[in-house]
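In: need a structure here:
(chains A and B)
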Amino acid sequence: MEITSFNIQLIAMAGKMAIVLGALLNAAPLMAWAERRICSWMQNRTGPNRVGPFGLLQSVADAVKFIFKEDLVPAHVRKWYYLIAPGLCVVPAFITFAVVPFGPMIDVQGTTVALQLASMNVGFIFAISVSSLAVYGIIVASWASNNKYSMLGGLRSTAQMISYELAMGLSLVSVILTFDSVDLMHIAQTQGGSLQFFGMNVPFLPNWGIFIQPLAALIFIVAAFAETNRLPFDLPEGESEIVAGYHLEYGGMKWSLFFMAEYAHMLTASGLIVTFFLGGWQAPGAEWLISQFGLSEQMAYWGLVVAQVLTFWLKVILFMLFFIVIRFTLPRFRYDQLMWLGWKVLVPFSLANIVITALVIAFGPR
Amino acid sequence: MLIKREHGFLQRFYLVQIFIGLTITMKNWFFGKNITYQYPEVRRQYSPRYRGQHFIKAVNGVENCTACMLCPTVCPADCIHIEAGERDDKEKYPVKFEIDILRCCFCGFCEEACPKDAIKLSNIYEMADYERRVYDKDFLMIQRSQK
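Out: All right, here's what the predicted structure looks like:
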């Protein structure tokens, strides 16, 4: 095959899709295992350790069980909506990751390849809007189930998503004001080097969003927890209150699709948080470290790229672990507390953050 | 009912409290002592006074029991059934000694009531079975513990 720019892009796209889809599909089994193991360690237990080394094949055993379970459709559901709801839940969770850059722009024989599935110049708006589509899956599932607990879960989910969507988007406005771009790749590129603060250079701190916009980072992370329906915001599920919430009437593989959607959402949320606030694929010190090996220029370049891609995934994994630790630390919010936090705390603070950021950018020192 | 609680600034700020909570869970994660017994391989040692599966104490293959009927009398679950008989040497002994283990509540009253130290409760706690069993005399005569 002739090496043209188009062919390189084609092959690169296949590779990128393999990486991202592989990560998203493997997130559910690996996280299910990690969550159970870490939960049990925190509670001074052992957790699943029988199937395979360290219990790693537990998820495989679970998957086999799900596949061989009877695919039961209760008699009282709206069949069509009941069956498409898990899909509606999974798809938005998967396609949001398309705009998250997991590596830098690389140069392959004169062709620039962005390590990002879709280089959109509306990346941030795409991520916010598509990830909020996931609520439709939950609403359809809850309504089609024809069950009062499912219905309650769906109602809670709707109210929660709308409240926190707002704070999430508003907190990101101040971030894109700071980085002067809505393209996620550009935002990640800007976060290289040491911290630039009001024109001053702060050494030993990377130029990451969390240091420049700490309040926005906090609001976004809290809202991301709410968007992914994780504890302390798992009111749509609320095991002790409404049994299992929106997926109460689901079983077997259909249930595990909801499960997969939750973990894909977590991965996407982690990816977005890492991109906006934790420097994306920027690996501070990697350049210096690679120069110590005395490699050729070509090798050093590719070494840096690999280090940066690995750094991105490492950051994402660490954030996923943070999700787990939070889950087994905090109890669930009461419903009025949830609304109070969303509307009276996060939204005003993010609005104030936008105003202050805009004023500083307009009149502050360069 | 909503109960008004007074909170200081740090409690209301919430983030510090979250951080304290996270340190507690992280401490347990990394330094917590694992208290799980890996059951089939490692078994829990109960106290020697544990009341488990019954047996009738025997000396030289002869049961201590004289069929005095004190244990079926005291049994609150009414699960012991004894039929007395006579040996050649005019000694009273149980021809039939049955314990309906499904009814037994393991109170240990039979062991306390027994004047001959015959019926005993061992440390054995694994009594799962495939059928609804009534322990007969042959089964109870197996000497189950050193107690």
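
In: contacts and neighbour counts: CA atoms only from here.
Out: Noted.

In: who in the stretch 1-150 of chain A is up against chain B?
Out: Taking CA under 8 Å from any CA of the partner chain as the test, the list of the stretch 1-150 of chain A residues beside chain B reads A:38, A:41-46.

In: measure A:K148 to chain B for me?
Out: In this structure, A:K148 and chain B are 24 Å apart, going by CA to the nearest CA, to the nearest Å.

In: What of A:G303?
Out: Separation of A:G303 from chain B (CA to the nearest CA) stands at 33 Å.

In: Which residue would be the closest one in chain B to chain A?
Out: Distances between chain B and chain A by CA to the nearest CA are smallest at B:W29, namely 4.2 Å.

In: Is that residue in contact with A:R37, as I believe?
Out: No: no contact is recorded between B:W29 and A:R37 when judged using CA atoms under 8 Å, the distance being 10.0 Å.

In: Burial check on B:P48, number of neighbours?
Out: B:P48 has 11 neighbouring residues, counting by other CA atoms under 10 Å in any protein chain shown.

In: now swap in A:I354 and tell me
Out: What A:I354 shows, counting by other CA under 10 Å, is a neighbour count of 22.

In: again, but for A:S163
Out: 22.

In: and the nearest residue to it once chain neighbours are set aside, what pLDDT?
Out: Taking CA to CA, 6 or more residues apart in numbering or on different chains, and ignoring the residues beside it in sequence, A:S163 has A:G342 as its nearest neighbour in space, at 5.7 Å. The model reports A:G342 with a pLDDT of 85.

In: Surely A:E237 and A:L155 touch.
Out: No: the pair A:E237 / A:L155 is not scored as a contact, 11.1 Å apart, by CA under 8 Å.

In: Who has more neighbours out of the two?
Out: When neighbours are counted by other CA under 10 Å, A:E237 and A:L155 differ, and A:E237 comes out ahead with 25 against 20.

In: For the longest strand along chain B, give the mean pLDDT please.
Out: In chain B, assigned by DSSP state E, the strand with the most residues is strand B:92-100. Per-residue pLDDT values across strand B:92-100 average out to 90.

In: hmm, who's touching the next helix or strand after that strand?
Out: Per DSSP states H and E, the first helix or strand lying C-terminal to strand B:92-100 is helix B:109-113. With CA atoms under 8 Å, 6 or more residues apart in numbering or on different chains as the test, helix B:109-113 has contacts from B:70-72, B:74-75, B:117-121.

In: Could you pick out which of the residues you listed are located in helices?
Out: Here DSSP state H is the test, and these give B:70-72, B:74 as lying in helices.

In: So which of those is the closest to A:F179?
Out: B:V74 (83.5 Å; CA to CA).

In: before we move on, back to that, contacts only, for the residue nearest to A:S163.
Out: The neighbours of A:G342, taking CA under 8 Å, 6+ apart as the test, are A:163-164, A:167.

In: circling back: okay, buried residues for the longest strand of chain B please.
Out: For strand B:92-100, burial by neighbour count (16 or more other CA atoms under 10 Å in any protein chain shown) applies to B:93-94, B:97-100.

In: Give the buried residues for stretch A:148-156.
Out: When neighbours are counted by 16+ other CA under 10 Å, the buried residues of stretch A:148-156 are found to be A:149-156.

In: Sitting in helices, which of these do you find?
Out: Counting by DSSP H, these contribute A:149-156 to helices.

In: TSV for these, including pLDDT?
Out: Formatted as TSV, these follow (pLDDT from 0 to 100):
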residue	pLDDT
A:Y149	87
A:S150	86
A:M151	87
A:L152	86
A:G153	84
A:G154	85
A:L155	86
A:R156	85
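
In: Next one, pLDDT for A:R366 please.
Out: Confidence per residue is given as pLDDT, and for A:R366 that number is 57.

In: Oops, could you answer that again for A:I273 instead?
Out: The predicted local confidence for A:I273 comes out at a pLDDT of 90.

In: and if you look at A:G199?
Out: The predicted local confidence for A:G199 is 65.

In: Next, count neighbours for the closest residue to chain B within the stretch 1-150 of chain A.
Out: Of the residues in the stretch 1-150 of chain A, the one nearest chain B is A:M42, at a distance of 4.2 Å by CA to the nearest CA. Burial of A:M42, expressed as a neighbour count using other CA under 10 Å, amounts to 24.

In: distance of it from A:R36?
Out: Here the criterion is CA to CA, to the nearest Å. By it, A:M42 lies 10 Å from A:R36.

In: A:L30 too?
Out: Going from A:L30 to A:R36 by CA to CA gives 10 Å.

In: same deal with B:Y93?
Out: Taking CA to CA as the measure, B:Y93 and A:R36 are separated by 57 Å.

In: which residues touch A:F333?
Out: Taking CA under 8 Å, 6+ apart as the criterion, A:F333 is in contact with A:232-233, A:235.

In: So whichever residue of the stretch 251-366 of chain A sits closest to chain B, which state does it fall into?
Out: Across the stretch 251-366 of chain A, no residue is closer to chain B than A:T329, which sits at 6.1 Å (CA to the nearest CA). The assignment at A:T329 comes out as coil when based on DSSP: H, G, I helix; E, B strand; the rest coil.

In: is it true that it touches B:G21?
Out: Yes: between A:T329 and B:G21 there is a contact under CA under 8 Å: 6.1 Å.

In: more crowded one of these two?
Out: When A:T329 is set against B:G21 and neighbours are counted by other CA under 10 Å, the residue ahead is A:T329, at 21 against 17.

In: By residue count, what's the longest helix in the chain?
Out: Going with chain A. Of all the elements of type helix in chain A, the one with the most residues (DSSP H) is helix A:5-42.

In: other chain: chain B
Out: Using DSSP H to assign secondary structure, the helix with the most residues in chain B is helix B:15-31.

In: Show residues contacting that one.
Out: Surrounding helix B:15-31, the residues in contact under the criterion CA under 8 Å, 6+ apart are A:38, A:41-44, A:325-326, A:328-330, B:10-11.

In: Show residues contacting stretch A:282-295.
Out: Residues from elsewhere that reach stretch A:282-295 (CA under 8 Å, 6+ apart): A:188-189, A:191-193, A:206, A:300, A:303-304, A:307-308, A:311-312.

In: switch the cut-off to 10 Å
Out: The list of residues contacting stretch A:282-295 from outside it, by CA atoms under 10 Å, 6 or more residues apart in numbering or on different chains, reads A:102-104, A:188-194, A:204-208, A:274-275, A:297, A:299-301, A:303-305, A:307-312, A:315.

In: got any ranges where chain A has weak pLDDT?
Out: Scanning chain A for pLDDT under 70 picks out the ranges A:1-2, A:197-199, A:365-366.

In: ditto for chain B
Out: If you take pLDDT under 70 as the line, chain B has these spans: B:146-147.
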